[in-house]
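Chemist: Sequence and predicted model, in that order:
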Amino acid sequence: MVGLVRGEANLAYLFEKYVLDLDRRELRHEGALIKLEPLAFDLLVYLVTRHERVVSRDELIDAVWQSRIVSDAALTTRLNAVRHAIADSGKAQRLIRTLPRVGIRFIGEVQEQPPGDEAAVPPFPAVERGAVSRIPITIALLPFVAITRDAEECWVANSLVDGIATALANFRLFSVIVPQPHSDADTGLNELKQIRRELGAGYAVRGTVHRRGDRVRVSAHLVETLSGSLLWADRFDGLLADGFSLQEELATTITARIEPPLRMAEASRPIKPADRAITPQHLYLRAHPIFSDGQESVARSFDLLQRALALDPNFAPALADAAFCLQVLDINCGGADHLARRRQAIGFARKALRVSCDPEAVATAAFALSYFGEEIDEARALINHSLVTNPSFSRGWYMSGMAHLYAGEPEAAMEAFETAIRLNPHERLARRNLAGIGMSHLFTGNFDEAVPSLRAMVREFPRWATPYAALASCYAHLGSEHDAATVVRRLRTVDASLVPNTVQFRSPKHRELLSPGIKLSGKMPAG
């Protein structure tokens, strides 16, 4: 923690009549120095510099005590010392508020100024500096309202909140807060702003449960707490008799559908002038949505990820996604520079696996290895373990399906793709699973069934070369050489540099089934 604080040198924070000088490591009240032992000082700095959100007990211990084993009594003692130094108390909680089972938050109004400058500056939101790689996206999970207040309906509502909280917590990017309910009324904009103010939550999830006979309908919404904007909404039906299975399926599915709009909202969030250094996480989030829009966009993503790694060479999500970018480029570029891309991607992926056990980063890094590396059985095991840890990770199911295709297992691949679609059928990138389903049909000889899925993919992702080759191959096996040639000509018209690759498919039989489309792609002139 001391290293992090000193990384913010030449800054001071003002609240009430106190000045917290990070460079001099001093706390002053109206000019008078207040004695505060080092750990208590670090604790105060951590809370003040993160005053826009709740800080969990575990986060405080990781940052201030450097993950050493610390008793609750030791944390309470330091917290009481901090409160005493700023004339606060556990009863009054004027500046430091404890939220039971959630964490601690500094709630005073904070201003920043250079040390020695006595002129107050307007307050601005505290931001994480470039040295801090991961900033949790804080989500308030509000009570689901039972419409009729029936006992079983109330059970579903309460158990859903517990289930969604657990499922969201499996994403390392998110910090989940379950505030105590104020009422059963629908949460309006003023209440959302209060949640943002008191808990530092940028987003809130809320919903309703309505029973009719033996059926239950659940509606869920994701809202942005500053404006009340609705980011996502959906409804789900089930049978009360399914009990825990219903609760688990709903929690997993709702979480899977919440995750992509949360990422997109954070990726599009404007960087304020107060953000003196963009963080690795900002760069990682901004890189993520543009992977599938052609080679130039993938190259832009790769550049953003390299900038993130320049700030933190061990930031596992960026390492894994950098390997994935190289994989996407290789899929569309055939043999050109394949060995160089392979060497670089494997380096990124293996480093991500060394430095992190984050299920998303592990699955993404293992997916790149399943494409580039020879350890495909190990890679599939890592992906599957990540999905056991976080079954709501819908992109992970897509990766699992493709890894099964690479290994020559189209039946297992089909199951994974269908799971991914069931979890999140609406997100654009999730529709890539249709390509996997089409290729699974191709590899099992069901050419007629493969065609509709593959035709949809070449329309929606016109710069992804593999579905073109698969579709052309299906037409060739069906005896329609004209249609096969038309598909490949369309690919060459879209982008003459796109060359489908088959190096990832380990089964000789499957490479042979793909060969008509690959051969046509090599022969067909551009335009």
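Modeler: Ah, there it is. Note that the structure is a prediction, hence the values are computed from the model and not measured.
Chemist: CA only for contacts and neighbour counts going forward, please
Modeler: Fine.
Chemist: Sketch out the low-pLDDT regions of the stretch 201-350 of the chain for me.
Modeler: Within the stretch 201-350 of the chain, the set of residues satisfying pLDDT under 70 comprises 270-277, 289-294, 334-336.
Chemist: now swap in the chain and tell me
Modeler: Along the chain, segments meeting pLDDT under 70 span 1-11, 66-70, 113-132, 180-189, 270-277, 289-294, 334-336, 522-527.
Chemist: Show me what the longest helix anywhere in it is packed against.
Modeler: Secondary structure assigned by DSSP state H gives helix 243-267 as the longest helix of the chain. Identification of packing neighbours for helix 243-267 by 3 or more CA pairs under 8 Å, 6 or more residues apart in numbering; DSSP states H and E yields helix 151-169, strand 230-239, helix 280-287, helix 410-423.
Chemist: packing partners for the helix or strand where residue 371 lies?
Modeler: Element membership for residue 371 (DSSP states H and E) is helix 359-372. Packing partners of helix 359-372 (3+ CA pairs under 8 Å, 6+ apart): helix 316-331, helix 338-355, helix 376-389, helix 394-407.
Chemist: Tell me what angle that helix forms with helix 338-355.
Modeler: Computed by axes from the mean of the first three to the mean of the last three CA atoms, to 10 degrees, the angle separating helix 359-372 from helix 338-355 equals 150 degrees.
Chemist: Report the distance from helix 359-372 to the chain centre.
Modeler: On the basis of CA atoms, centre = their mean, to the nearest Å, helix 359-372 sits 15 Å off its chain's mean C-alpha point.
Chemist: Repeat that for stretch 279-286.
Modeler: Stretch 279-286 has its C-alpha centroid displaced from the chain centroid by 11 Å (CA atoms, centre = their mean).
Chemist: For that stretch, C-alpha coordinates in PDB please.
Modeler: What follows is stretch 279-286, C-alpha atoms only, in PDB (Å, rounded to 0.1, in the frame of the first residue of the first chain):
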ATOM      1  CA  THR A 279      -5.500   2.700 -16.600                       C
ATOM      2  CA  PRO A 280      -4.800  -0.700 -18.100                       C
ATOM      3  CA  GLN A 281      -8.400  -1.700 -17.400                       C
ATOM      4  CA  HIS A 282      -9.700   1.300 -19.400                       C
ATOM      5  CA  LEU A 283      -7.600   0.300 -22.400                       C
ATOM      6  CA  TYR A 284      -8.500  -3.400 -22.100                       C
ATOM      7  CA  LEU A 285     -12.200  -2.600 -22.000                       C
ATOM      8  CA  ARG A 286     -12.000  -0.300 -25.000                       C
END
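Chemist: of the helices and strands packed on helix 359-372, which approaches residue 237 most closely?
Modeler: Closest of those to residue 237 is helix 394-407, at 20.2 Å (criterion: CA to CA).
Chemist: what comes up buried for the closest one?
Modeler: For helix 394-407, a neighbour-count test (16 or more other CA atoms under 10 Å) marks 394-407 as buried.
Chemist: for stretch 74-90, same thing?
Modeler: Judged by neighbour count using 16+ other CA under 10 Å, the buried positions of stretch 74-90 are 75, 78-79, 81-83, 85-86, 88-89.
Chemist: Same check on stretch 298-311?
Modeler: Neighbour counts over stretch 298-311 (16+ other CA under 10 Å) mark 298-309, 311 as buried.
Chemist: any chance of those in a markdown table, plus distance to residue 487?
Modeler: Output for those, formatted as a markdown table (distance: CA to CA, whole Å):
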| residue | distance to residue 487 |
| --- | --- |
| 298 | 24 |
| 299 | 26 |
| 300 | 28 |
| 301 | 28 |
| 302 | 29 |
| 303 | 32 |
| 304 | 33 |
| 305 | 34 |
| 306 | 35 |
| 307 | 38 |
| 308 | 39 |
| 309 | 39 |
| 311 | 44 |
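Chemist: Show me the residues you listed that map onto helices.
Modeler: 298-309, 311.
Chemist: Of those, just say which sits nearest to residue 35.
Modeler: Taking CA to CA as the measure, residue 35 lies nearest residue 311 of these, at 34.9 Å.
Chemist: which of the helices and strands packed on helix 243-267 sits most buried?
Modeler: Among the helices and strands packed on helix 243-267, the stretch with the highest mean neighbour count (mean count of other CA atoms under 10 Å) is helix 280-287, at a mean of 23.
Chemist: and the angle for that one with helix 316-331?
Modeler: Using the same axes, to 10 degrees, helix 280-287 lies at 30 degrees relative to helix 316-331.
Chemist: For helix 280-287, name the packing helices and strands.
Modeler: Judged by 3+ CA pairs under 8 Å, 6+ apart, helix 280-287 is in contact with helix 243-267, helix 295-311, helix 316-331.
Chemist: Next, the angle from it to helix 295-311.
Modeler: Orientation check (the same axes, to 10 degrees): helix 280-287 against helix 295-311 gives 180 degrees.
Chemist: distance of the nearest residue to residue 364 once chain neighbours are set aside from residue 269?
Modeler: Nearest non-adjacent residue to residue 364, counting by CA to CA, 6 or more residues apart in numbering: residue 320, 5.6 Å away. Distance of residue 320 to residue 269, given as CA to CA, to the nearest Å: 23 Å.
Chemist: cool, and residue 462?
Modeler: Here residue 462 is placed at a distance of 28 Å from residue 269 (CA to CA).
Chemist: Which residue of the two possesses the greater neighbour count?
Modeler: Neighbour comparison, residue 462 and residue 269: the larger count goes to residue 462, with 18 against 11 (by other CA atoms under 10 Å).
Chemist: which non-adjacent residue is nearest the more buried one?
Modeler: Spatial nearest neighbour of residue 462, excluding adjacent residues (CA to CA, 6+ apart): residue 494 at 7.0 Å.
Chemist: likewise residue 412?
Modeler: residue 404 (6.4 Å).
Chemist: now the helices and strands packed on helix 359-372 as a markdown table including distance to residue 208?
Modeler: Below are the helices and strands packed on helix 359-372 laid out as a markdown table (distance: least, CA to CA, whole Å):
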| stretch | distance to residue 208 |
| --- | --- |
| helix 316-331 | 34 |
| helix 338-355 | 40 |
| helix 376-389 | 27 |
| helix 394-407 | 24 |
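Chemist: Show me what counts as buried in stretch 214-230.
Modeler: Buried residues in stretch 214-230, counting neighbours by 16+ other CA under 10 Å, are found at 216-226, 228.
Chemist: Neighbours of residue 316, how many?
Modeler: Using other CA under 10 Å as the criterion, residue 316 is surrounded by 27 other residues.
Chemist: pretty sure it contacts residue 355?
Modeler: Yes: the criterion here is CA atoms under 8 Å, and residue 316 meets it with residue 355 at 6.6 Å.
Chemist: would you say residue 13 is within a strand?
Modeler: Yes: assignment of residue 13 by DSSP: H, G, I helix; E, B strand; the rest coil places it within a strand.
Chemist: Check the gap between it and residue 363 for me.
Modeler: Applying CA to CA, the value for residue 13 to residue 363 is 41 Å.
Chemist: for residue 60, same thing?
Modeler: For residue 60, the distance to residue 363 (CA to CA) stands at 28 Å.
Chemist: And these two? Which one has more around it.
Modeler: Remark: of residue 60 and residue 363, residue 363 carries more neighbours, 30 against 20, as counted by other CA under 10 Å.
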